[in-house]
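In: Let's see this in three dimensions:
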Amino acid sequence: MQGMEKIALFIDGANLYSATKALGFDIDYKRLLKEFQGRGYLLRAFYYTTLVEDQEYSSIRPLLDWLDYNGYSVVTKLAREFTDSQGRRRVRGNMDIEIAVDAMELAGSLDHIVLFSGDGDFRSLVEALQRKGVRVSVVSTISTQPPLIADDLRRQADTFIDLVDLQVKIGRDPSERANRMQDTPRFLERRGAPLPDPSEG
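Out: All right, here's what the predicted structure looks like:
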């Protein structure tokens, strides 16, 4: 049945964050899941992000914990800090390889992959998935200056979905911003006992 195609979401966390930030809205990840569950049988929803090492508390931790408890498969990797030629501290790390490997491994069980990224490096992945008979939608935006999606990636995809068009369905209600921080302790507590502080070693 057409309505029940098997779907998986592959979310490039950093890429999606910069796109929604540029568009001026926050994503409600519960609504995002619901939106795509309504489009078929949602097999998996992956969220990929790098974490900076030695950051004892990262502002992204509560989000990752929440995603983990609410139906997402969270994939993280430590980013490497380095000093550039001007002596500035930089962080290097992307999840392209992890996304590509997971997508290729799952391709055989899927009809449709939804990739949340505008990164042109994914064009060859999209092409490889299409050769395996998988339909690929790419979610990013052309509504910013400059557009946040590489032109050749947009052309390669079977469908391009602009975040602007999804905003009504997956955006967070601005009035929830105030309440959001009150949720944080609740889902952090569910992790069980707090981890020992490494600095007290």
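
In: per-residue confidence averaged over stretch 25-32?
Out: The average of the pLDDT scores along stretch 25-32 is 95.

In: what sits up against it?
Out: Residues outside stretch 25-32 that contact it (C-beta atoms under 8 Å, 6 or more residues apart in numbering): 16, 20, 63, 66-67, 70, 72, 167, 169-173, 176-177. For the C-beta atoms, the positions are set from N, CA and C on the backbone; glycine is no exception.

In: Stretch 103-116 too?
Out: 5-12, 15-16, 36, 40, 43-44, 99, 122, 125-126, 128-129, 132, 134-140, 157, 161.

In: Which of those residues are buried? Put it as a PyMOL command.
Out: The PyMOL selection below is limited to those of the contacts of stretch 103-116 classed as buried (16 or more other C-beta atoms under 10 Å):
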select buried, resi 6+7+8+9+10+11+12+15+16+36+40+44+99+122+125+126+129+134+135+136+137+138+139+140+157+161
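
In: Val138 is in what secondary structure piece?
Out: Using DSSP states H and E, Val138 maps to strand 135-140.

In: Give the buried residues for the helix or strand that that strand is followed by.
Out: Downstream of strand 135-140, the first helix or strand assigned by DSSP H and E is helix 151-156. Within helix 151-156, the residues scored as buried using 16+ other C-beta under 10 Å are Leu153, Arg154, Gln156.

In: do the same with stretch 101-111
Out: Asp102, Ala103, Leu106, Ala107, Leu110, Asp111.

In: Kindly report the same for stretch 162-177.
Out: The neighbour-count check on stretch 162-177 (16+ other C-beta under 10 Å) flags Asp162, Leu163, Leu166, Gln167, Ile170, Gly171, Arg172 as buried.

In: ok, back up a step: so which of the buried residues of stretch 101-111 would you say is closest to Ser59?
Out: Distance to Ser59 across the buried residues of stretch 101-111 (C-beta to C-beta) is lowest for Asp102, with 25.3 Å.
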